[in-house]
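Novice: Task: produce atomic coordinates for the following.
(one chain, ligands or ions: 1)
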Amino acid sequence: MADRLSDDEIAEQLPGSWEREGDEIVRVYEFTDYLHGVNFAQMVGEIAEAQYHHPEMVIRFKEVEIRLTTHDEGGITDADIEMAEFIESEKTATADSLDDVDL
Ligand SMILES: C[C@H](O)[C@H](O)[C@H]1CNC2=NC(N)=NC(=O)C2=N1
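Specialist: Residues are numbered from 1 along each chain as shown. Presented below is the predicted three-dimensional model:
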């Protein structure tokens, strides 16, 4: 398992639109309706299973909050950054179908 990243490494590597909050990286995705958010969460879940790295997800009306940290290391590692980048790339690729209002 990867080691925890330094504050500078996190700041440098954090994908755009993601924020750092303590030992987590966070992004809120907005949608035109509730079910697009639900579908998006399903897609993220499939990525998580494939990567075997699982975010906390909160599905709200017209938005989904994704939180990533590496529990086994007690902080933010490359696995979290890579997962965020993967989600971003999938989101961009599927933006049309998800009517994303916040790319
Ligand atoms: C045994 C350990 O729980 C597993 O290797 C995986 C499962 N999914 C995981 N997900 C996250 N976010 N952090 C982990 O450390 C992690 N570990």
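Novice: need the residues of the protein near the ligand, please.
Specialist: By Cβ under 6 Å from any ligand atom, the residues of the chain that approach the ligand are Tyr52, His53, His54, Thr69, Thr70, His71, Asp72. Backbone N, C-alpha and C define where each C-beta goes, glycine included.
Novice: Going along the chain, name the strands of this protein.
Specialist: Along the chain, counting by DSSP state E, strands occupy 19-21, 24-30, 56-60, 63-68.
Novice: count of neighbours near Met43?
Specialist: Neighbourhood size, Met43 [other Cβ atoms under 10 Å]: 14.
Novice: And for it, nearest residue in space, chain neighbours not counted?
Specialist: Glu90 (6.1 Å; Cβ to Cβ, 6 or more residues apart in numbering).
Novice: again with Glu73
Specialist: Counting by Cβ to Cβ, 6+ apart, Glu73 lies nearest to Arg4, which is 5.2 Å off, once chain neighbours are set aside.
Novice: Any quick PyMOL command for the buried ones out of the residues of the chain next to the ligand?
Specialist: Applying 16 or more other Cβ atoms under 10 Å to the residues of the chain next to the ligand, the buried members can be selected in PyMOL as follows:
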select buried, resi 53+69+70
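Novice: mind checking how far Ile47 is from the ligand?
Specialist: 12 Å (Cβ to the nearest ligand atom, to the nearest Å).
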